[in-house]
Structure formats: structure tokens, C-alpha cells
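Asks: Below are the sequence and a predicted model for it; my questions follow.
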Amino acid sequence: MQPVLLDWSFKSMALNGVAKRLDTQNLNLKEQVVSINRVTKVVKGGKNMSFSALVVVGDPGAKVVGYGTGKAKEVPSAIKKGIEAAKKNLRKVNVLETTIRHPVLGRFGSGLVLLKPAPEGTGVIAGGPVRAVIQAVGIPNVLTKSIGSHNAHNVVKATIDALEQLCDKTAIADMRGLPVEKL
């Protein structure tokens, strides 16, 4: 029998369906390329080659992360387009100083990512795409498990979905209608 994991989606309540855009001017953004795919379109005259890049951008100091994809005829152009798309897709993440508050399960497509808090000194226990997102956010201690699809796009989106589910105490207290001391 599999354990039942609660999927509490506080993000829709906390954001009220409106995502506000973050200003990238005062952020120290670092970008990391997660994957580059060569794609081919077969046409009447032959094959048209192009490249697709998945990029994660984040500021570890401000706990901000975003992802983007770019397509172009050359790899550097695709990466540049991916970075620009990621800067338009930044999100603020609520975390503690060294880890996350509670275990969360993020989903996107058939990709599932489980994030669990870890004690000081553990480090980031994660594989490829999840590690890129966690390091971009700047969480020094976390345990992760990628379940289901290993497609880099789905795993990155599932990880960001999991990080969006993390709320601070004041948001939870407001939703429950309780003072912060009662939590």
C-alpha cells in the first residue's frame, strides 16, 4: 500500500490567482542551462536543424527562481532566448534560512518531485534538473526525490510547483483566521 501524500495547494489562495512580476534590475541573477536538445523538422527540401534550451535563473540571496525555454538555429541564441523567458517567469519562494519548512510534493505532467527538509550540513541531495532549481533558489540543505517522468522540462516545472506550495506562517494564519501565535 502506498502512503497518502496530502497535496495542499496554498499557492492559489496566497496569490489569489494573480502573479505579480518581479523587478530584475536589483536582483543578482545567476543562470544555469539544464538541457539542450537538437530538434529537426523534416521539410520538402530536407531537414531543418534547430536547438531548444531549458534554462533556470535565480537569485539565491533573494530566494527567487524562474525557468524558460528558447529555440533558435544556434545554441547561444537559444540559451539567450531561454534566459530572457526565465527572467519574465520569476517567482519568490518562502523558505527558512537553511532548509524548507515542510515536505511538499510538486506535480507537472507525469513528473513528481518530493522535497523534504534536511538538517544543517546535509547539503543538496538532488539530481540534475532538481539540483539546478534548488541551487538557483539558494536552499543549502534539502532532500529530494524525483518520481515518475525523468523529462527535464517536467521535472523543473514540478520542482517549481513544489516550491510554490511553501507558505510562510503569516499567510497560513490569515487563511485559517488565527493569530500567528496559535499555529
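Replies: Great, that's in hand.

Asks: For the most centrally placed residue in the chain, give me its contacts.
Replies: Among the residues of the chain, the one closest to the centroid is Ile160, at 2.6 Å (CA atoms, centre = their mean). Contact analysis of Ile160 by CB atoms under 8 Å, 6 or more residues apart in numbering lists 65, 67, 91, 106, 133. Just so you know, the C-beta spots here come from the backbone N, C-alpha and C atoms, and that holds for glycine as well.

Asks: Doesn't the last one belong to a strand?
Replies: No - residue state for Val133 (DSSP: H, G, I helix; E, B strand; the rest coil) corresponds to helix; a strand is not indicated.

Asks: from what I can see it touches Ala162, true?
Replies: No - counting by CB atoms under 8 Å, Val133 stays clear of Ala162, with 9.2 Å between them.

Asks: circling back: next up, phi/psi of the residue nearest to the centre of the chain, please.
Replies: When quoted as degrees, to the nearest 10, the phi and psi of Ile160 stand at phi -70, psi -30.

Asks: what's the spacing between it and Phe108?
Replies: According to CB to CB, to the nearest Å, Ile160 and Phe108 sit 8 Å apart.

Asks: Compare Val133 and Ala162 (neighbour count), which wins?
Replies: Val133 (31 against 24; other CB atoms under 10 Å).

Asks: quick one, helices of this protein?
Replies: 11-15, 75-87, 128-137, 152-164, 169-176 (DSSP state H).

Asks: Which one, of those, ends up nearest to Leu114?
Replies: helix 152-164 (7.6 Å; CB to CB).

Asks: how far off helix 128-137 does that closest one point, in degrees?
Replies: Here helix 152-164 points in a direction 40 degrees away from that of helix 128-137 (axes from the mean of the first three to the mean of the last three CA atoms, to 10 degrees).

Asks: mind saving the C-alpha coords of helix 152-164 as CSV?
Replies: Presented in CSV, the C-alpha positions along helix 152-164 are these (Å, rounded to 0.1, in the frame of the first residue of the first chain):
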residue,chain,number,x,y,z
ALA,A,152,13.9,17.6,-17.7
HIS,A,153,11.1,20.1,-18.6
ASN,A,154,8.5,18.2,-16.4
VAL,A,155,10.9,17.8,-13.5
VAL,A,156,11.9,21.5,-13.5
LYS,A,157,8.2,22.6,-13.6
ALA,A,158,7.3,20.0,-10.9
THR,A,159,10.1,21.3,-8.6
ILE,A,160,8.9,24.9,-9.0
ASP,A,161,5.3,23.8,-8.3
ALA,A,162,6.6,22.2,-5.1
LEU,A,163,8.4,25.4,-4.1
GLU,A,164,5.3,27.5,-4.8
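
Asks: Appreciated, that's everything.
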